[in-house]
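Peer 1: predicted coordinates and the sequence they were generated for:
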Amino acid sequence: MKKRILFINPVGHDECDKEVFEYLQQYRDPDTEIVVESLPAGLPKMLEYSCYEALIAEPMLRRIKKADLEGYDACIIGCYFDPFLDTAKEICHHMVVTAPAEAGMHIAATIGDSFSVIVVRNKTIPEMREYVYKRGFGRYLASMRSLEIPVRELQADPEKTKNRMREKIRQALEEDMAEVILLGCTVEIGFFKELQEELGIPVIDANIAPLKYAEFLCSIRDCGAGWYTSKIGKYESPDDAELRAWGMRD
């Protein structure tokens, strides 16, 4: 069954859209169509700060709700912070919504007994660690290891980034007893396969994981089982009249 998936880069520039689109083509199911978009110019260019996350909330949620109304099967919020993921699930009805950390942790906890996250900076660790426990994966967390490379510099010198990742992954394996590695930023793109083959450990890419998880969630919704986001508790949606009043149904 054909699936149409929107991948949102939740930043105010489209510099990575083409690269992400071409990268995901290698890993999508044959019947999956992928659309990659960014938010409008003028918004933050990265989300290393919580105040930047707050600024992208309204335009991103409006785009997600529009995708739901347009009939997309799934939407991926392309940032490892999973910004406003629960909120997005609340406002959507048919459409699956997921994000890198949620998807990656589910996969890692299935294929290993512990995982370490390779983050970009120490600044990001408190929020990411809190999220691991919020999602119920605290028992699997071996460590968070920081590259201390800002997001905007991750692809400036790929060899430097790869060498730093190799160093931090070895530390996670040898000192923290990690069995699976999660790359904790979508801009850590294109490194996982070489490191995985070299080090002999699953290395989960933050772009591929939510794509495959979204495809899985679509399949269990559409295969006849009919399993979908529950709307009677945490993810209960506002009344349509209220959504219209806020311009979320237009």
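Peer 2: Looks like it arrived, so ask away. Just so it is clear, the model here is predicted, and its values are computed rather than measured. Residues are numbered from 1 along each chain as shown.

Peer 1: wait, what's in contact with the residue nearest the centre of the chain?
Peer 2: Centroid-nearest residue in the chain, with CA atoms, centre = their mean: P100, separated by 2.1 Å. Counting by CB atoms under 8 Å, 6 or more residues apart in numbering, P100 touches 76, 78-80, 82, 186, 206-207, 209-210. Bear in mind the C-beta positions are built from the backbone N, C-alpha and C, glycine included.

Peer 1: go again with 6 Å.
Peer 2: By CB atoms under 6 Å, 6 or more residues apart in numbering, P100 lies in contact with 80, 206, 209-210.

Peer 1: same deal with T186?
Peer 2: 78, 206-207.

Peer 1: show the pLDDT at it.
Peer 2: pLDDT for T186: 97.

Peer 1: name the SS class of it, please.
Peer 2: Put simply, T186 is coil when judged by DSSP: H, G, I helix; E, B strand; the rest coil.

Peer 1: likewise for V35?
Peer 2: Once three-state DSSP is applied, V35 turns out strand.

Peer 1: mind checking the pLDDT average for stretch 236-250?
Peer 2: 82.

Peer 1: residue numbering should commence at 41 henceforth.
Peer 2: Fine by me, first position is 41 from now on; the one you just mentioned is stretch 276-290.

Peer 1: in that stretch, what counts as buried?
Peer 2: Neighbour-count burial for stretch 276-290, counted by 16 or more other CB atoms under 10 Å, picks out 288-289.

Peer 1: do the same with stretch 71-80
Peer 2: Buried, per 16+ other CB under 10 Å, within stretch 71-80: 72, 74, 76, 78-79.

Peer 1: now render those as CSV, adding pLDDT.
Peer 2: Supplementary listing: the buried residues of stretch 71-80 in CSV, determined by pLDDT from 0 to 100:
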residue, pLDDT
T72, 98
I74, 98
V76, 98
S78, 97
L79, 97
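
Peer 1: now tell me what touches the worst-scoring helix or strand of the chain on mean pLDDT from outside.
Peer 2: The helix or strand of the chain with the poorest confidence is helix 280-285; it has a mean of 83 (mean pLDDT, DSSP states H and E). Residues from elsewhere that reach helix 280-285 (CB under 6 Å, 6+ apart): R289.

Peer 1: show me the domain layout of this structure.
Peer 2: 43-139+248-285, 141-244 (automatic domain parsing).

Peer 1: end to end, how far does the longest one reach?
Peer 2: Going back to what we said before, that points to domain 43-139+248-285. Here the two ends of domain 43-139+248-285 are set 31 Å apart, with distance taken as CA to CA, to the nearest Å.

Peer 1: next: stretch 75-92.
Peer 2: Counting by CA to CA, you get 24 Å between the two ends of stretch 75-92.

Peer 1: what distance separates it from the centre of its chain?
Peer 2: 14 Å (CA atoms, centre = their mean, to the nearest Å).

Peer 1: ok, the closest residue in space to the residue nearest to the centre of the chain that isn't next to it in sequence - how many residues close by?
Peer 2: Spatial nearest neighbour of P140, chain neighbours left out: A246 (4.0 Å); criterion: CB to CB, 6 or more residues apart in numbering. Neighbours of A246 under the rule other CB atoms under 10 Å: 25.

Peer 1: gap between A246 and E130?
Peer 2: 23 Å (CB to CB, to the nearest Å).
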